[in-house]
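>>> Need a 3D model of the sequence below.
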Amino acid sequence: MVYAPDNTAEGTFEKRLSVRTAHLEAFKANIASGFSRIGGVLLTPESITTEASNKKMVGSMFICQAETIEE
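Numbering: from 1, shown residues only. This is a model prediction of the structure:
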């Protein structure tokens with residue numbers, strides 16, 4: 001399992017959004033190849049009870065299957 005919290009520096013959220021489409025496409029390819037099994041965004045605890053438009057992304061996680069740690 002890979003746990004990847006976002007950096008807390010100013011501008012991180014904007015950077016995250018700017019690369020999101022490319023990351024999702026790469027993740028789809030990893031799913032298709034069998035490397036990635038499942039994954040998604042990490043949200044703040046407050047995001048669980050808020051409207052969909054007010055969710056705050058704070059990182060990512062995914063589960064992968066590999067033969068070696070280097071993969």
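
>>> Starting from S36, give me the distance back to E25.
12 Å (CB to CB, to the nearest Å). No exception for glycine: its C-beta is placed from N, CA and C like everyone else's.

>>> okay, those two: which has more neighbours?
S36 (19 against 10; other CB atoms under 10 Å).

>>> Surely the more buried one and H23 touch.
No. At 11.5 Å, S36 does not count as touching H23 under the criterion of CB atoms under 8 Å.

>>> what ranges do the helices span in this protein?
All helices of the chain, identified by DSSP state H, fall at 12-33.

>>> Quick check: beta-bridge partners of the residue nearest the centre of the chain?
Residue closest to the average C-alpha location in the chain (CA atoms, centre = their mean): S60, at 2.9 Å. Note on S60: beta-bridge partners A4, V41, judged by DSSP bridges.

>>> For it, give me its contacts.
2, 4, 39-42 (CB atoms under 8 Å, 6 or more residues apart in numbering).

>>> Need the max-distance pair from those.
Greatest spacing in the contacts of S60, by CB to CB: V2 and V41 (13.1 Å).

>>> ok, the two, which is more surrounded?
Just comparing V2 and V41: by other CB under 10 Å the higher neighbour count belongs to V41, 15 against 10.

>>> my guess is that one meets G59, correct?
Yes. At 7.5 Å, V41 and G59 qualify as touching, with contact defined as CB under 8 Å.

>>> Quick check: closest non-adjacent residue to V2.
Spatial nearest neighbour of V2, excluding adjacent residues (CB to CB, 6 or more residues apart in numbering): F62 at 5.3 Å.
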